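J.: For reference, the sequence and a predicted model appear below.
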Amino acid sequence: QLQLVESGGGEVQPGGSLRLSCVASGEILDGYGIGWFRQAPGSGREGVACISRRGDSSTYADSVKGRFTVSRDNAANTVYLQMNSLEPEDTAIYYCYARHILTMTEYWGQGTQVTVSS
């Protein structure tokens, strides 16, 4: 069974940057497509970015295009979300999500808090 652990969250000022990491254990990650989701207070969970199993394809929510970059290192069983030019509207708990490409089994991490405030 896959376990996902996010890290790298914190508090930054508007315009700042953070790099989130999602480390997988229990299975190798290259059988999974990976997504980053976020949930702000009082809002539903929304998709932010996703990346294919080999990292050759990625998509982004319109709200983060040009500011966020998703990447993965399958050898390290880790996925990253580089977040630049952060805005107060990016404040949320960020979750790592994995779905197996064959079985469609889904896993979620526990989340990491990102706060953008002056």
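T.: Perfect, I can see it now. Residues are numbered from 1 along each chain as shown.
J.: Where does Asp62 sit: helix, strand or coil?
T.: The local conformation at Asp62, judged by DSSP: H, G, I helix; E, B strand; the rest coil, is coil.
J.: separation between it and Cys96?
T.: 21 Å (C-beta to C-beta, to the nearest Å). Using the backbone N, CA and C atoms, a C-beta is placed for each residue, glycine as well.
J.: So for the two, which sits in the more crowded spot?
T.: Cys96 (26 against 6; other C-beta atoms under 10 Å).
J.: in what helix or strand does the nearest residue to the more buried one once chain neighbours are set aside lie?
T.: Leaving aside its sequence neighbours, Cys96 sits nearest to Cys22 (C-beta to C-beta, 6 or more residues apart in numbering; 3.4 Å). Element membership of Cys22 [criterion: DSSP states H and E] is strand 18-25.
J.: in its sheet, what does that strand sit against?
T.: Strand pairing for strand 18-25, determined by DSSP bridges: strand 3-7 (antiparallel), strand 78-83 (antiparallel).
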